[in-house]
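Peer 1: Model the structure of this input:
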Amino acid sequence: MTGFSLETRRNIFHLVLGMLVVAGIYLGVLDVWIVLAVVLVGFLISAASRKRPLPIIGWFLRHFERQHDIDAGIPGRGALFFGVGLLLTMALFETDIVLASITVFVLADSISPLVGVKIGKVRHPLSDEKFLEGSMAGFLFAFLGASLFVSPIEALLASLFANVIEAIDFIKGRRIEDNVTMPLVASITISLLRML
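Peer 2: Residues are numbered from 1 along each chain as shown. Predicted structure coming up:
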């Protein structure tokens, strides 16, 4: 994977790890307590990594971490916030909603930049850094993936709203942490549809 750019490596890693998480939840291997423990250990490892490189963790940071996250004192930031988003989603919603929402997040957040960088020509109206082609591909894959766990209309709207959130980089000058917001927005969308 060393021939790939940092962002391509990050997105492929995100896709593989995310699908393993979905499989773990589906098979009953991952529950909210295990995720909580992993998130807490992750924050401890991140704090320790600020002081000196750790074996194995240092390799992952060198190959998959953005330098500005390391410089900001949050090594492993993306993984940490993915864990937080996963934890909140698992704690608040039913398993089928969790599976659909995490699938939406993982596929949209991974596929969008991979496709956008390769074939993107039209800038996304909500972001200076993203391409409309990437968002459309992310939306399609997210919809198809979520349809495995929830109804097509739930998958469609969850994917749509989560992809809108994924496309927005900043709101009022503050960076959006889509690793947390995307699964929550998808979960809330499905839950609201079920209430109607």
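Peer 1: Run the chain-centre distance for the longest helix seen in the chain.
Peer 2: Assignment by DSSP state H gives helix 95-119 as the longest helix of the chain. Its chain's C-alpha centre and that of helix 95-119 lie 7 Å apart, by CA atoms, centre = their mean, to the nearest Å.
Peer 1: Tell me which helix or strand comes right after that helix.
Peer 2: Downstream of helix 95-119, the first helix or strand assigned by DSSP states H and E is helix 132-146.
Peer 1: picking up where we left off before, tell me which other helices or strands the longest helix of the chain touches.
Peer 2: For helix 95-119, the helices and strands in contact under the criterion 3 or more CB pairs under 8 Å, 6 or more residues apart in numbering; DSSP states H and E are helix 6-26, helix 77-92, helix 132-146, helix 152-167, helix 178-195. Where you see a C-beta, it was placed from the backbone N, CA and C, and this is true even at glycine.
Peer 1: Include mean pLDDT and mean neighbour count when you put the ones you listed into TSV, please.
Peer 2: Listed next are those as TSV, based on pLDDT from 0 to 100; neighbours: other CB atoms under 10 Å:
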stretch	mean pLDDT	mean neighbour count
helix 6-26	87	17
helix 77-92	92	20
helix 132-146	90	22
helix 152-167	91	22
helix 178-195	94	21
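Peer 1: Could you dump those into CSV with distance to Ser46 added?
Peer 2: Shown next, in CSV, are these (distance: least, CB to CB, whole Å):
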stretch, distance to Ser46
helix 6-26, 16
helix 77-92, 6
helix 132-146, 27
helix 152-167, 24
helix 178-195, 14
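Peer 1: how far away is the residue lying closest to Thr89 once chain neighbours are set aside from Lys118?
Peer 2: Excluding the flanking residues, the one nearest Thr89 by CB to CB, 6 or more residues apart in numbering is Pro183, at 4.5 Å. According to CB to CB, to the nearest Å, Pro183 stands 25 Å off from Lys118.
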